[in-house]
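Enquirer: build the 3D model from these lines:
(one chain, ligands or ions: 1)
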Amino acid sequence: MTTTSAGPAPLEQSRSLVTAIPGPRSQALAARRSASVAAGVSSTLPVYVARAGGAIIEDVDGNRLVDLGSGIAVTSVGASSPEVVAAVAAQAADFTHTCFMVSPYEEYVAVCEALARLVPGSHEKRSMLVNSGAEAVENAVKVARRATGRDAVLVLDHAYHGRTNLTMAMTARAMPYKTGFGPFAGEVYRVPASYPLRDPAGMTGAQAAARAIDVAERHVGADQVAAIVVEPILGEGGFVTPAPGFLAALAEWARAQGIVFVADEVQTGFARTGSMFACEQEGVVPDLVALAKGIGGGLPLGAVTGRADLMDAVHPGGLGGTFGGNPVACAAALASIALYEGQDLAAAARAIEAQVRGRLREVADEHPAVAELRGRGAMLAVELVRPGTLEPDRAAAAQVARDCAAAGVLVLTCGTWGNVVRLLPPLVIEPRLLDDALDVLAAALRALPA
Ligand SMILES: *Cc1c(COP(=O)(O)O)cnc(C)c1O
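Expert: I've put the predicted structure just below:
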């Protein structure tokens, strides 16, 4: 990889602490923040960022932390990837905005062409671009309702789809996402997910799908349902990987009933799980796919891609938004997609899985607080419980995240009960740096009370 001589020196890919975490400058910024930023906006790790590169975040006190979160699965091509930075700078110099609905530009079209090529299925496809994952999910629902003439939307237990009014209704967890924010959008119905750790022992994917379908048919009626919206691996809900066959059985039922099958690949998409999209590994071809997070290499962009007959069922002017498909974000997406494909970052994700499983297997097998090590590719997690039970232990996950942070490793938590520690490293992380961070994580897990 080359960097231009005019650019800043690349950030050294090593962990280094020169102050306590957070350091004095971060603490000073925290004081300014509490007087100006709304309290409802919280941060996992109150370390203020000065620079980021690859898998390293350098804070305002000069500490270098290993980033195992990628800004929630966004900077999968590495933070401030030189290719993305160059594409953004060049596009910003040409023009930053015209509004695609006012006067269009090639970059938007090129992203839609790339999505048609990459998203599973050989059918004809169309795309629309938006600013966020929630907006992508909302628009997928709009398209499904318009195309089917039906109202109801099915979602899974433990689902996360965003924070707008419709996507709050679709999200499962009340606190912190929904509490006090209702009334929510109507015609959203929740059905059970496949959660192998907590389902009856031996329940297959087909059985879990039959359980979900039974609830849908009794409570809603299949002929009322416009769409079923599914995360191939539940993200905020705890990186819950459904039993094999669950997604395929739901997709097959949806097809038979004229229900639009929407894969919310906002978190799982773009090489994260070891293939360009997670659905591919289940042999499922969704009707519509909602995308965001990793698509733009750090710039805000989302998309809905799907069957041309469904997408084109919407009347002209029915879809859009002022900023949707911003040209700078599109340029970043085109550069990122070139990296996902050109550097085979899906293979990198599979290599990360092998390394993480190798490194954490022993503590996961032996420590009674670790109920499960699960996930796929570079989307992996440990679920923590009170030893000897399946009772979720939120405090243990918080403790592990705190211990990691204190040692200079950023890990995120998730899960319906907040008891899951999740790993979403940039796919370009160097094996040596990942090993170093995993040593810290393994030590934090071992330190939990047995
Ligand atoms: C993050 C996420 C969203 C919401 O994306 P935003 O860009 O935060 O609106 C939707 N679905 C899934 C699966 C996500 O992980």
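Enquirer: how about the helices of this protein, start to end?
Expert: Taking DSSP state H as the criterion, the chain contains helices spanning 24-34, 70-73, 82-94, 106-118, 133-148, 165-170, 205-219, 246-257, 308-311, 327-342, 345-366, 394-406, 431-446.
Enquirer: tell me the most buried of those?
Expert: The highest mean neighbour count among these, using mean count of other CB atoms under 10 Å, belongs to helix 133-148: a mean of 25. Placement of C-beta: from N, CA and C, glycine included.
Enquirer: helices or strands next to that one in the packing?
Expert: The elements that helix 133-148 packs onto, with contact taken as 3 or more CB pairs under 8 Å, 6 or more residues apart in numbering; DSSP states H and E, are strand 125-130, helix 165-170, strand 225-230, strand 260-264, strand 288-291, strand 302-307, helix 308-311.
Enquirer: pull the CA atoms of stretch 281-290 into CSV?
Expert: Provided in CSV are the C-alpha atoms of stretch 281-290 (Å, rounded to 0.1, in the frame of the first residue of the first chain):
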residue,chain,number,x,y,z
GLN,A,281,-23.8,-18.9,3.6
GLU,A,282,-27.4,-20.0,4.2
GLY,A,283,-28.2,-20.4,0.5
VAL,A,284,-30.9,-17.7,0.8
VAL,A,285,-31.6,-15.1,-1.9
PRO,A,286,-33.6,-12.3,-0.3
ASP,A,287,-36.2,-10.3,-2.2
LEU,A,288,-34.8,-7.0,-0.7
VAL,A,289,-31.6,-6.3,1.2
ALA,A,290,-31.1,-3.4,3.6
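Enquirer: flag every buried residue along stretch 265-275.
Expert: Buried residues in stretch 265-275, counting neighbours by 16 or more other CB atoms under 10 Å, are found at 265-275.
Enquirer: okay, the closest residue to Ala364 other than its chain neighbours: pLDDT?
Expert: In this structure, Ala364 finds its nearest non-sequential neighbour in Leu373, 3.9 Å apart by CB to CB, 6 or more residues apart in numbering. Per-residue pLDDT puts Leu373 at 98.
Enquirer: before we move on, the earlier item: between the helices of the chain, which one is closest to the ligand.
Expert: Closest approach to the ligand among those (CB to the nearest ligand atom): helix 133-148, 2.2 Å.
Enquirer: which residue packs closest to the residue nearest the centre of the chain, ignoring adjacent ones?
Expert: Taking CA atoms, centre = their mean, the centroid of the chain lies closest to Gln267, which sits 1.9 Å from it. Using CB to CB, 6+ apart and skipping the chain neighbours, the partner closest in space to Gln267 is Gly235 (3.8 Å).
Enquirer: next: Gly324.
Expert: Nearest to Gly324 is Val130, by CB to CB, 6+ apart, at 4.5 Å.
Enquirer: point out where this protein drops to low pLDDT.
Expert: Within the chain, the ranges that satisfy pLDDT under 70 run 1-8.
Enquirer: make it 80
Expert: Per-residue confidence for the chain (pLDDT under 80) gives these ranges: 1-9.
Enquirer: next to the ligand, which bits of it? Give me the list.
Expert: Within reach of the ligand by CB under 6 Å from any ligand atom, the chain has these residues: 132-134, 137, 160-162, 231, 235-236, 264, 266-267, 292.
Enquirer: got those residues as JSON lines, with distance to Ala381 columns?
Expert: Shown next, in JSON lines, are these (distance: CB to CB, whole Å):
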{"residue": "Ser132", "distance to Ala381": "23"}
{"residue": "Gly133", "distance to Ala381": "19"}
{"residue": "Ala134", "distance to Ala381": "22"}
{"residue": "Val137", "distance to Ala381": "22"}
{"residue": "Tyr160", "distance to Ala381": "14"}
{"residue": "His161", "distance to Ala381": "19"}
{"residue": "Gly162", "distance to Ala381": "20"}
{"residue": "Glu231", "distance to Ala381": "14"}
{"residue": "Gly235", "distance to Ala381": "10"}
{"residue": "Glu236", "distance to Ala381": "11"}
{"residue": "Asp264", "distance to Ala381": "18"}
{"residue": "Val266", "distance to Ala381": "17"}
{"residue": "Gln267", "distance to Ala381": "12"}
{"residue": "Ala292", "distance to Ala381": "20"}
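Enquirer: closest to Leu319 out of those?
Expert: Val137 (13.6 Å; CB to CB).
Enquirer: what sits against the closest one?
Expert: Shown in contact with Val137 (CB atoms under 8 Å, 6 or more residues apart in numbering): 161-162, 166-167, 170, 229, 262, 264, 266, 290.
Enquirer: now the two most distant members of these.
Expert: Among the contacts of Val137, the pair separated by the greatest distance (CB to CB) is Leu166 and Val266, at 14.5 Å.
Enquirer: contacting residues for Phe323?
Expert: Contacts of Phe323 (CB under 8 Å, 6+ apart): 97, 99, 131.
Enquirer: and the gap between it and the ligand?
Expert: Relative to the ligand, Phe323 is positioned 13 Å away (CB to the nearest ligand atom, to the nearest Å).
Enquirer: wait, Arg64 sits on Thr19?
Expert: No - contact between Arg64 and Thr19 fails when scored by CB atoms under 8 Å: they sit 11.5 Å apart.
Enquirer: which phi and psi values does Ala378 adopt?
Expert: Main-chain dihedrals, Ala378, degrees, to the nearest 10: phi -100, psi 30.
Enquirer: domain-wise, how is the chain divided?
Expert: 3-81+345-446, 84-342 (automatic domain parsing).
Enquirer: neighbours of Gly245, how many?
Expert: Gly245 has 18 neighbouring residues, counting by other CB atoms under 10 Å.
Enquirer: surely it meets Met203?
Expert: No - here Gly245 does not reach Met203: they are 10.9 Å apart, not a contact under CB under 8 Å.
Enquirer: so Ala50 sits right up against Val60, yeah?
Expert: Yes - taking CB under 8 Å as the definition, Ala50 is a contact partner of Val60 at 4.9 Å.
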